[in-house]
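> sharing a sequence plus its predicted fold:
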Amino acid sequence: MRAFMAVSVAALLACGSAGAEPLLSQGIGSASCARLAPDIKPAEGLNDQVNVMLYAWVQGYISAANVALLEYDNKHIDMSDLTDTRVLSMILDYCKANPDKRPANALDAFIKTAKKGKAQWKTGTVEWDE
């Protein structure tokens, strides 16, 4: 996990300091599928900086969804199945089929259909407001 974080930080720093392409400076989650799909390279795994950013963004998106799911009905998605290969291929396939959409739409569809496990969770654990 530490190595992944180091790679993520290095990729983000490289993007900011090396005259990054617009896709990299805008934020991966805000890109349209038409714009993002050509840059996703599942075969390169986390050796590609676009792949690293997309994978990190997906992990954050699913983590946030898990908090909402836990608060709603004590369920969550097991993220251990979301390997870099699976995530990159899932987003790429969705984006190729839906160039007018965004990666978040692919994740929303995944979240709706993903197997969810029950968890011990006390509703109200996350306090968003003071």
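Cool, got the structure.

> which element is the most centrally placed residue in the chain on?
Closest to where the C-alpha atoms of the chain average out (Cα atoms, centre = their mean) is residue 58, at 0.7 Å. Under the criterion of DSSP states H and E, residue 58 resides in helix 49-73.

> what does the next helix-or-strand element following that helix contact?
Counting by DSSP H and E, the element after helix 49-73 in chain order, helix or strand, is strand 75-77. Outside strand 75-77, the residues within contact range by Cβ atoms under 8 Å, 6 or more residues apart in numbering are 62, 65-66, 69-70, 111, 114-119. For every residue, glycine as well, the C-beta is placed using N, CA and C.

> tell me which helix or strand comes right after strand 75-77.
Following strand 75-77 in sequence, per DSSP H and E, is helix 84-97.

> what is the mean pLDDT for that following helix?
For helix 84-97, the mean per-residue pLDDT is 97.

> any regions of this protein where pLDDT drops low?
Along the chain, segments meeting pLDDT under 70 span 1-27, 128-130.

> go again with 90.
Scanning the chain for pLDDT under 90 picks out 1-31, 71-74, 81, 119-130.

> one step back: got the contact list for the residue nearest to the residue nearest to the centre of the chain when sequence neighbours are not counted?
The shortest distance from residue 58 to any non-neighbouring residue, by Cβ to Cβ, 6 or more residues apart in numbering, is to residue 87 (5.0 Å). Residues in contact with residue 87 (Cβ under 8 Å, 6+ apart) are 54-55, 58.

> over to residue 70?
Taking Cβ under 8 Å, 6+ apart as the criterion, residue 70 is in contact with 76, 119, 121, 125.

> how close does it get to residue 29?
Distance, residue 70 to residue 29, using Cβ to Cβ, to the nearest Å: 22 Å.

> before we move on, the earlier item: which among the contacts of strand 75-77 gets closest to residue 35?
For the contacts of strand 75-77, the minimum distance to residue 35 (Cβ to Cβ) is 22.0 Å, reached by residue 62.

> for the closest one, grab the count of nearby residues.
When neighbours are counted by other Cβ atoms under 10 Å, residue 62 registers 19.

> no further questions, thank you.
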